[in-house]
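Peer 1: need coordinates for the below:
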Amino acid sequence: MRGQVSSLVVRRLLIALITLVIVSFAVFFATALLPGDTATILLGQSATPEAVEGLRKAMHLDDPAIIRFLRWIAGLFQGDFGKSYANNAPVATLISGRFVNTMKLAGLTAAIAVPLALTLGITAAMWRGTLYDRIVTVGTIGIISVPEFMIATLAVLLFAVYLKWLPALSLTNEVKSFHDLVRIYAMPVMTLTFGVSAQMIRMTRAAVVETLNTPYVEMALLKGASRPRLVLRHALPNALGPIVNAVALSLSYLLGGVIIVETIFNYPGVAKLMVDAVSTRDLPLIQTCAMIFCLGYLALITAADIIAVVSNPRLR
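Peer 2: Below you'll find the model as predicted:
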């Protein structure tokens, strides 16, 4: 059985590696198909054709696409992300500070969303069929039905425009105290927490309910175990694998929400940097930012798959 688990884990890792190669190919050629000419955008509409052609040659934009792709992939493996077309600065330098900001936002969201979702999901399963369970279920379905940009827009209208409690823009350079930190991060974190928690609550509840239907849990119930003891002592330890899998899957949705939230709140993260790079057709910057999000998403999905394999009792 251990050999079967190891082979499945290795297979998942190989699939992830192949997927990453395919994704890198798709990212490069999708960005290459963006409308507009990079040299023309950088020099302006008044530039002469000779100047545009000279810049294209200097930036190797006239090389075949496959040559540029291989050069880009080789640079990625060497840790060289290239230079920004618009800023003429190393892409790694531009991303480093923004990456820290994005990780702060994601970390704060995860620190709030994970305990909140696990508590609501486990307690909803503990008292399934009750009014509390129905309120949690309907609430999560309602939140899932609303996209992040709508939640963010409503938050701005309520807390920034009408109540004037929070700033509409999240400018991290204005953080000078804990109070400033709460005000700056409140709406972005709240928006992301809604989306991530709703998915996690549903999957956590489903995992615990499935465990509660097993024979050994029913036997504990017949012996007179209370509902909290039934869940926390008997069901929860055996549902940890599916729950951790649910957490990893839910956090992968966080990456998509970050792009929307950083744009709406003008938060200086990697996603906002990528959106700004699209307007200037800064291909190296766009490609590197896209690969960061793809790599993060793929890592979480692969981790969820491996956890599901390792925690499967039939493979132990």
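
Peer 1: what about residue 279, how many neighbours?
Peer 2: 10 (other Cβ atoms under 10 Å). Yep, even glycine has a C-beta here, placed from its N, CA and C like the rest.

Peer 1: make that residue 202, sorry
Peer 2: Residue 202: 21 surrounding residues under other Cβ under 10 Å.

Peer 1: how about residue 16, what does it touch?
Peer 2: With contact set as Cβ atoms under 8 Å, 6 or more residues apart in numbering, residue 16 has these partners: 298-299, 301-302.

Peer 1: right, and the secondary structure at it would be what?
Peer 2: Taking DSSP: H, G, I helix; E, B strand; the rest coil as the rule, one finds residue 16 in the helix state.

Peer 1: any low-confidence regions in this structure?
Peer 2: In the predicted model, the chain carries pLDDT under 70 at residues 1-3, 36-37, 41, 44-45, 174, 224-225, 311-316.

Peer 1: please, where are all the helices along the stretch 101-250 of the chain?
Peer 2: Counting by DSSP state H, counting those that start in this stretch, the stretch 101-250 of the chain has these helices, from start to end: 131-145, 148-155, 178-212, 215-222, 227-229, 236-264.

Peer 1: can I get those in JSON lines with distance to residue 16?
Peer 2: Below are these laid out as JSON lines (distance: least, Cβ to Cβ, whole Å):
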{"stretch": "helix 131-145", "distance to residue 16": "27"}
{"stretch": "helix 148-155", "distance to residue 16": "26"}
{"stretch": "helix 178-212", "distance to residue 16": "21"}
{"stretch": "helix 215-222", "distance to residue 16": "34"}
{"stretch": "helix 227-229", "distance to residue 16": "39"}
{"stretch": "helix 236-264", "distance to residue 16": "13"}
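
Peer 1: which pair in the contacts of residue 16 has the greatest spatial separation?
Peer 2: Using Cβ to Cβ, the contacts of residue 16 reach their maximum pairwise distance at 299 and 301, which is 7.4 Å.

Peer 1: hang on, the earlier thing: tell me which of the helices of the stretch 101-250 of the chain lies nearest to residue 102.
Peer 2: Of all the helices of the stretch 101-250 of the chain, helix 236-264 sits nearest to residue 102, with 6.3 Å by Cβ to Cβ.

Peer 1: give me the buried positions along the closest one.
Peer 2: When neighbours are counted by 16 or more other Cβ atoms under 10 Å, the buried residues of helix 236-264 are found to be 236, 238-239, 241-255, 257-264.
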